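**Q** here are the coordinates; sequence isn't available:
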């Protein structure tokens, strides 16, 4: 038998035939690195994000003014749903824990730069971590701090991972973030005794809406700015405000106390309600300072008047309570907020008179936000200006008078004890 190829020598008699050549190796695209080739992730995405630097006090109630709702828990963002809001103190860095997922699952571990860029506030994140296929958590701290002001920030964070050889790979985005930037930690330690205490989304929105545009961190300027939102007080209810809210006092309701005044500020309120809402906003945003709701009034003292002051919440009955009987008829002492004439009959407080004017209001006191901060104490009258002392506060009234009430709700001025202006 002969070889068909004359160039191939015939095997020696009795020798074994030559071994066949080995098969050619063709690597499969399994996602696992092979010799001389780096495996690149097919997909990367941030599937959840938890803010770990926030106050952790915010409840999710955005429907009404009550201190109700569920405490917003970590993670605030889960892939496919907008992020829940947070609150955090100004001029502090954001810290987050993200859960990031890489595909394919069998991808080997490599060192990546994890990067995030927020669409608000110039905030960026960057950290180097070893990532592999599947899910893993990464902790990051922002390179920049939140702005040094009271603000509301909102937007998304674009995420990516970067490898020196593989380049940048987009890791999708966490979206719908809302950050309420506060002065300091919200104060809610008196929630058991103050209806307005408690941190909710609706309350935080309202507080930020009024204070952020003031563009100041000076506590007294913040108080003055809030007070300007309700520049006057009223003593009679307005039908435009739902009855359950107890306008104008906003007392003893079950709808958040004075908080609804923010919504119905155009109809004003009693001075004490304005003070309570102002304090509520200060506490919601962590504005420092000592707050007392003080009442200032004058008592008839013979032919003169004696100015007094009390903590209204410590003594709810404080105020003008003087009564006398003259010729068998009962007379009541009152602080008139407008000029009156002895012997004249007036309609009930702030009601229309026959001549088209409005009757002067009769008051038991002027409620003030007694606010101390930055080494300065000021009395902020609810709808009635600013004062340095109780002696100045009493001058918000026209005078101290004796009146005799009528069956129709009106009154006749019987005597003027003292005029203040």
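**A** Structure received. Remember, it's a predicted structure, so these values are computed and weren't measured experimentally.
**Q** Would you mind listing where the protein has pLDDT under the threshold?
**A** Within the chain, the stretches with pLDDT under 70 are 1-38.
**Q** Tell me which residue lies nearest the centroid of it.
**A** Centroid-nearest residue in the chain, with C-alpha atoms, centre = their mean: residue 204, separated by 2.2 Å.
**Q** Specify the local secondary structure of the closest residue to residue 196 other than its chain neighbours.
**A** Nearest non-adjacent residue to residue 196, counting by C-beta to C-beta, 6 or more residues apart in numbering: residue 280, 3.5 Å away. C-beta coordinates here come from the backbone N, C-alpha and C atoms, glycine included. Secondary structure assignment for residue 280 (DSSP: H, G, I helix; E, B strand; the rest coil): helix.
**Q** quick one: residue 280 and residue 204 touch, right?
**A** No - with contact defined as C-beta atoms under 8 Å, residue 280 does not count as touching residue 204 (11.2 Å).
**Q** residues touching residue 310, list them.
**A** 294-295, 318-319 (C-beta atoms under 8 Å, 6 or more residues apart in numbering).
**Q** Now render those residues as JSON lines, adding neighbour count, distance to residue 142 and secondary structure.
**A** Below are the contacts of residue 310 laid out as JSON lines (neighbours: other C-beta atoms under 10 Å; distance: C-beta to C-beta, whole Å; DSSP: H, G, I helix; E, B strand; the rest coil):
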{"residue": "294", "neighbour count": "24", "distance to residue 142": "42", "secondary structure": "strand"}
{"residue": "295", "neighbour count": "26", "distance to residue 142": "46", "secondary structure": "strand"}
{"residue": "318", "neighbour count": "19", "distance to residue 142": "49", "secondary structure": "coil"}
{"residue": "319", "neighbour count": "19", "distance to residue 142": "51", "secondary structure": "coil"}
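**Q** Show the contacting residues for residue 49.
**A** Residue 49 makes contact with 75-77, 83, 96-99, 157, 174, according to C-beta under 8 Å, 6+ apart.
**Q** er, residue 123 I mean
**A** Applying C-beta under 8 Å, 6+ apart, the residues contacting residue 123 are 94, 117, 142-144, 146, 157.
**Q** Grab the two from those that are most spread out in space.
**A** Taking C-beta to C-beta, the two most distant members of these are 117 and 146; they sit 15.4 Å apart.
**Q** Neighbour count: these two, which is higher?
**A** Neighbours of residue 117 and residue 146, each counted by other C-beta atoms under 10 Å, are more numerous for residue 146; the result is 21 against 15.
**Q** Settle this for me: the more buried one is touching residue 95, isn't it.
**A** No - judged on C-beta under 8 Å, residue 146 makes no contact with residue 95 at a distance of 11.5 Å.
**Q** Can you say which of the contacts of residue 123 are buried?
**A** Those of those that meet the buried threshold are 94, 142, 146, 157, by 16 or more other C-beta atoms under 10 Å.
**Q** taking these one by one, which sit in strands?
**A** Applying DSSP state E to those, the entries found in strands are 94, 142, 157.
**Q** nearest to residue 180, of those?
**A** Nearest to residue 180 among those, counting by C-beta to C-beta, is residue 94 at 12.9 Å.
**Q** any idea how far the closest one is from residue 146?
**A** Noted for residue 94: a distance of 7 Å to residue 146, by C-beta to C-beta, to the nearest Å.
**Q** now swap in residue 62 and tell me
**A** 22 Å.
**Q** Over to residue 420?
**A** Distance, residue 420 to residue 146, using C-beta to C-beta: 47 Å.
**Q** Same question for residue 83.
**A** Taken as C-beta to C-beta, the span from residue 83 to residue 146 is 16 Å.
**Q** and if you look at residue 184?
**A** Counting by C-beta to C-beta, the separation of residue 184 from residue 146 is 12 Å.
**Q** intersection of neighbour lists for those two?
**A** By C-beta under 8 Å, 6+ apart, residue 184 and residue 146 have these common neighbours: 89-90.
**Q** residues touching residue 91, list them.
**A** Neighbouring residues of residue 91 by C-beta under 8 Å, 6+ apart: 145-148.
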